[in-house]
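[1] build me a model:
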Amino acid sequence: MTTLLAIAPRGDVSPGLLGFLVVAALGVALFLLIKSMNKQISKIEVPHEDEPERRPANGEPKPNGVH
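    Here you go, the predicted structure:
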């Protein structure tokens, strides 16, 4: 192990193309994740305080597929 360290010149190590591709892929994945999260959050309906909560009658199905 020490012989391998002695062979490599100091200051000659860089991330290279693979490092750039990994960082770029993480950036694209983060962008798509944030875009999807914003889309899901915009679907949430927040009830206003002045509106009473709507409760379904016995025969009506509950909203959002809740059983």
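[2] point out where this structure drops to low pLDDT.
    1-9, 51-67 (pLDDT under 70).
[3] quick one: the helices in it, in order.
    With DSSP state H as the criterion, the chain has helices at 2-7, 16-42.
[4] could you dump the ones you listed to CSV with distance to residue 49 and mean neighbour count?
    Using the backbone N, CA and C atoms, a C-beta is placed for each residue, glycine as well. Converted to CSV, these look like this (distance: least, CB to CB, whole Å; neighbours: other CB atoms under 10 Å):
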stretch, distance to residue 49, mean neighbour count
helix 2-7, 66, 7
helix 16-42, 20, 10
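[5] closest one to residue 48 among the ones you listed?
    If you check each of the helices of the chain against residue 48 by CB to CB, helix 16-42 wins as the nearest, at 16.8 Å.
[6] ok, back up a step: adding distance to residue 50, write the helices of the chain out as a markdown table.
    A markdown table is the format used below for the helices of the chain (distance: least, CB to CB, whole Å):
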| stretch | distance to residue 50 |
| --- | --- |
| helix 2-7 | 70 |
| helix 16-42 | 22 |
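[7] neighbours of residue 47, how many?
    9 (other CB atoms under 10 Å).
[8] how near is it to residue 41?
    Remark: distance between residue 47 and residue 41 (CB to CB, to the nearest Å) = 16 Å.
[9] one more: residue 21?
    30 Å.
[10] then residue 48?
    Distance from residue 48 to residue 41, by CB to CB: 17 Å.
[11] equivalent analysis for residue 29, please.
    Taken as CB to CB, the span from residue 29 to residue 41 is 18 Å.
[12] same thing with residue 33?
    Residue 33 is 12 Å from residue 41, by CB to CB.
[13] for residue 32, same thing?
    Distance from residue 32 to residue 41, by CB to CB: 15 Å.
[14] look up how far residue 26 lies from residue 48.
    In terms of CB to CB, residue 48 sits 39 Å off from residue 26.
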